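Asker: generate coordinates for the sequence data below:
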Amino acid sequence: MTPFQSSGPVVGSDTPGLRPTAPSAPQSTTPFSSSGPVVGSESPGFRPVPPVAPQTYIPEASGFRPAPPARFNDPSVPPPPTSYAPPNAGPFPRFPTPQFSSTQPPPSRAPFAGQPPFQPPPAQVPPPQLPLHLQQQIPLVPMGSPPQNVNYAPASTNVAQSPSDSSFPAPRPNFQSSFPGYVRQQSSADSQAPPIHSPFPTKQGGAPFQTTSSSPLVAHQVGYVASPFGFQSRDHLQHPSSGPPVGAIQSLVEDFNSLSIGGSIPGSIEPGVDLKALPRPLDGDVEPKLFSETYPLNCGPRFLRLTTSGIPSSQSLASRWHLPLGAVVCPLAESPDGDEVPVINFASSGIIRCRRCRTYVNPYVTFTDSGRKWRCNMCSLLNDVPGDYFAHLDATGKRVDLDQRPELTRGSVEFVAPTEYMIRPPMPPLYFFLIDVSVSAVRSGMIEVVAKTIRSCLDKLPGYPRTQIGFATYDSTLHFYNLKSSLTQPQMLVVSDLDDIFVPLPDDLLVNLSESRSVVETFLDSLPSMFQDNLNLESAFGPALKAAFMLMRQLGGKLLIFQNTLPSLGIGRLKLRGDDQRVYGTDKEHALRLPEDPFYKQMAAEFTKFQIGVNVYAFSDKYTDIASLGTLAKYTGGQVNFYPNFHSAIHGEKLRHELARDLTRETAWEAVLRIRVGKGLRFTSYHGSFMLRSTDLLALPAVDCDKAFAMQLSLEEALLTTQTVYFQVALLYTASCGERRIRVLTAAAPVVTDLVDMYRLADTGAIVTLLSRLAIEKTLSSKLEDARNSLQLRIVKALKEYRTLYAVQHRLAGRIIYPESLKFLLLYGLALFKSTPLRGGYADVTLDERCAAGFTMMILPVKKLLKLLYPNLIRVDEHLLKPSAHDDLPSIEKRLSPSAASLDSRGLYILDDGFRFIIWFGRVLSPDIAMNLLGPEFAADLSKVILSEHDNEMSRKLMRVINRLREKDSSCYHLCQLVRQGEQPREGVLFLSNLVEDPIGGTNGYVEWVLQIHRQIQQNP
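Answerer: Prediction:
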């Protein structure tokens, strides 16, 4: 992942003798501040430079912070269960304390050209004018004369608040239970100190900026004159300094965010952090806009995101970047309406490519010689323009037909590939279903749900009328089905010899759906009843898998496996493992997360070779060895859908939705993916579900919009000589309509010579995605603890490196600093620690759940992954009590931080992690609400209650809310799981374990995690 980046150019430091010093300010637990331009190290000499831009400073406002609210002490709420208590409170106990700070008057602001100078009040003394650097929150203006009008908006950071007021619990002393209590809600009148207003307005949409004691944010705003980022070092922009500092204002402007970690109690050396000051991504994933606006011809960030958009110019600079350097690619990401990827057919002229590096024509190529030649942006080779593609150039050197050439104006396009891009004629879409019909599958209701779902999707399968389909079932024997169109009923063919597998009637087992539609429908209608009395416990999964391969190898396609029992017969049989608790924490632990039998990886390689993609649907209340079964999906571009303890009455709708999406979403068949990059760079490792066919070619038998791939980048040369690096992703695939196509995604990024610029242009979402995949892969060769430690070490090294950039110019004692671009990295790092694939050990997560979650996280796009790590928490009871006329969904979508501090025992909350809804009923929630939503079961055990719509307005409103939330993400079905406060262990397992900011099961909370990272940063290497 990429380390933190600063948000702008660097300011030089003065000679100690010439720089007046400010009186030191008392250390206090001030919240982190978002501040202006970067300050870096320069020559110690004092260099006066003419003033260029004004600066605005928002003073820190302060006030007495009232004592924290007491924990909810309703007598009906039992104390948290001791069974979940960690061994201790962690290494960092904290103590509540009031906090103080001092209010400083703001400095004066120099006027822009043509404006009268700003007059401070008589009591004010102007502060120094300081050197400035580029800041991404301020609009870019061209070099030259200062701008006449620039709006200064303070940097905004979300700060989580509890639902009904702004009070938060103070740092808690020794934590006594793994599940924290719930905060008593107070009115804002008795929990919030009166605001203290700054006497000086700051321009922000015409409204003055108010700093109150309840706001932990302090923003330093600085004007500047900017050039395009990435092409200048810090000392290219110099500004004057003058006048002595006032009060405790620091001697240099800070271009980083910081979080104060001071003594919690006067005289105490124990550090503490203000809970309200901690940054939280309550707006979800925010794509980097500055980079997109600077390079508008790039493909959209939904297709390609770099861990940092500032590419290091040298290997030495890259070595100081301790987070991964790389990219996350989602080549088939869904496009919003009106922004579809254009499809281009060059016809007779053929696809235009560089004859040396094979780069496809794109918006960054240039045309010369009156339009007869074009220069490749990757390797700079001059190529001839084919006669059919020729166009004259205008006075600016651009083609006159530019507006008719999407490939020259759009970063994402699709080319129709001619015959030379085909090894064989395009395959028809083929779906083969391999279904477990053992007794456990029958009793769970899985077979009936699968059969009905497939039947309902027959009209929507892509590729009509070319689509092929086939079925096989298995228990201790294999069952094939002759679906030939001339038959009126399907014929079952049974193979009982598991050692010498053969396929009877191979020509009639895979049929054209449009021709055999009636036979297929008859088979699906009869399938549930066909095995309803089956009592067979065995599973000949391995032989069934080989038979399916023998059937599909001629055409390729998609194999959908529905497995309900641990494979027990024939080749590929597996045994129960993972029960020995003593293995955990040893060097043998990781073997439990690897396939037990090499048969599965060998079969995956064969499937990939013959263009067969595998999706695994696993259902069981017992161990089924997902580590082995998931390997089939991992190497064929597929996915693992895991339904533990499946029962059709509870989980049937989820399976119906997810299977239907799998069958009907647009799929790229027999695909290969390659990503090219400019000279001096290369991609060295790839992470996701695929088979690496050569050093840089990813084989993907079937891929869709829900799959993303990550890759790491390295420098091949000691020094890059170009100012811009170009990336180009090319996905060659067969569309369901039978066309061979090439999706081309092109992006440019600046080469930077300063580590500060790398931090400033970092993308937290891409970094966390790559970090998560590296950590999960490490669990396959090391202990869980080693994977977690490796992740933590990278974060510590990155923050320590960033700290060294400012250690000379700034007083950093008692503060942890980070760039604006990476303010959420610490929180996402903690969330990764607590994620299902990485957290705890033997007793925390079952082996199958851990492996299934690992397979899932390895393919998730950025937005989906971040939501899984840091779930949405919203309160809905207040919305349900409003009149129907106020049925406004955005009004309830205010996200709360997932912590006990956000909960009110009188409330109803929905926790949404992108895969399910966990609905939490507070212990003292109004009985009327519970009765309206649950009907006669309102007092029953909620683990046995299925949420459904009742005949009252409140129930209908809740279902409307849930359905609208589901519509926002159709990639999976959000199943509702109900939890009542105090119901243990259900509440702890389902709900409290997802409150990532709280200490749970011996893990750190957000505050403890920040303190731990801070102490490690301060340690000498």
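Asker: okay, now the unreliable bits of this structure?
Answerer: 1-255, 259-260, 262-272, 809-812, 885-893, 1020-1021 (pLDDT under 70).
Asker: tell me the domain ranges of it?
Answerer: Taking automatic domain parsing as the reference, the chain has its domains at 113-262, 428-574, 871-995.
Asker: what about the second one, start to end distance?
Answerer: Meaning domain 428-574. 34 Å (CA to CA, to the nearest Å).
Asker: measure how far it is from the centre of its chain, please.
Answerer: 36 Å (CA atoms, centre = their mean, to the nearest Å).
Asker: buried set for the strand or helix carrying residue 1008?
Answerer: In this assignment (DSSP states H and E), residue 1008 forms part of helix 1006-1018. In terms of neighbour count (16 or more other CB atoms under 10 Å), helix 1006-1018 has its buried residues at 1006, 1007, 1008, 1009, 1010, 1011, 1012, 1013, 1014, 1017. All C-beta spots, glycine's among them, are computed from the backbone N, C-alpha and C.
Asker: now for that helix, which elements pack on it?
Answerer: The contact analysis (3 or more CB pairs under 8 Å, 6 or more residues apart in numbering; DSSP states H and E) places helix 1006-1018 against strand 271-272, helix 784-804, strand 815-818, helix 825-833.
Asker: so residue 766 touches residue 291, yeah?
Answerer: No - if you go by CB atoms under 8 Å, residue 766 and residue 291 don't touch, sitting 11.0 Å apart.
Asker: joint contacts of those two?
Answerer: By CB atoms under 8 Å, 6 or more residues apart in numbering, residue 766 and residue 291 have these common neighbours: residue 306.
Asker: looking at the two, which one has more neighbours?
Answerer: Each of residue 766 and residue 291 has its neighbours counted (other CB atoms under 10 Å); residue 766 has more, 27 against 24.
Asker: is that one located within a helix, as I assumed?
Answerer: Yes - the assignment for residue 766 by DSSP: H, G, I helix; E, B strand; the rest coil puts it in a helix.
Asker: could I get the buried residues of helix 1006-1018 as CSV with distance to residue 874?
Answerer: CSV is the format used below for these (distance: CB to CB, whole Å):
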residue, distance to residue 874
1006, 19
1007, 23
1008, 26
1009, 24
1010, 25
1011, 29
1012, 30
1013, 29
1014, 31
1017, 34
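Asker: nearest to residue 815, of those?
Answerer: Residue 815 lies nearest to residue 1014 out of the buried residues of helix 1006-1018, by CB to CB, at 8.5 Å.
Asker: looks like that closest one contacts residue 261 (just checking).
Answerer: Yes - using CB under 8 Å, residue 1014 is in contact with residue 261, at 5.4 Å.
Asker: which stretches of the stretch 351-500 of the chain form strands?
Answerer: In chain order, the stretch 351-500 of the chain shows strands spanning 366-368, 373-375, 382-384, 412-416, 430-436, 468-474, 478-482, 491-495, with DSSP state E, counting those that start in this stretch as the criterion.
Asker: name the helices or strands packed onto the second one?
Answerer: Spelled out, that is strand 373-375. The contact analysis (3+ CB pairs under 8 Å, 6+ apart) places strand 373-375 against strand 366-368, strand 382-384.
Asker: re the thing from before, can I get the strands of the stretch 351-500 of the chain in a markdown table with distance to residue 788 and mean neighbour count?
Answerer: Shown next, in a markdown table, are the strands of the stretch 351-500 of the chain (distance: least, CB to CB, whole Å; neighbours: other CB atoms under 10 Å):
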| stretch | distance to residue 788 | mean neighbour count |
| --- | --- | --- |
| strand 366-368 | 48 | 16 |
| strand 373-375 | 48 | 17 |
| strand 382-384 | 50 | 14 |
| strand 412-416 | 37 | 23 |
| strand 430-436 | 35 | 24 |
| strand 468-474 | 40 | 24 |
| strand 478-482 | 43 | 22 |
| strand 491-495 | 47 | 15 |
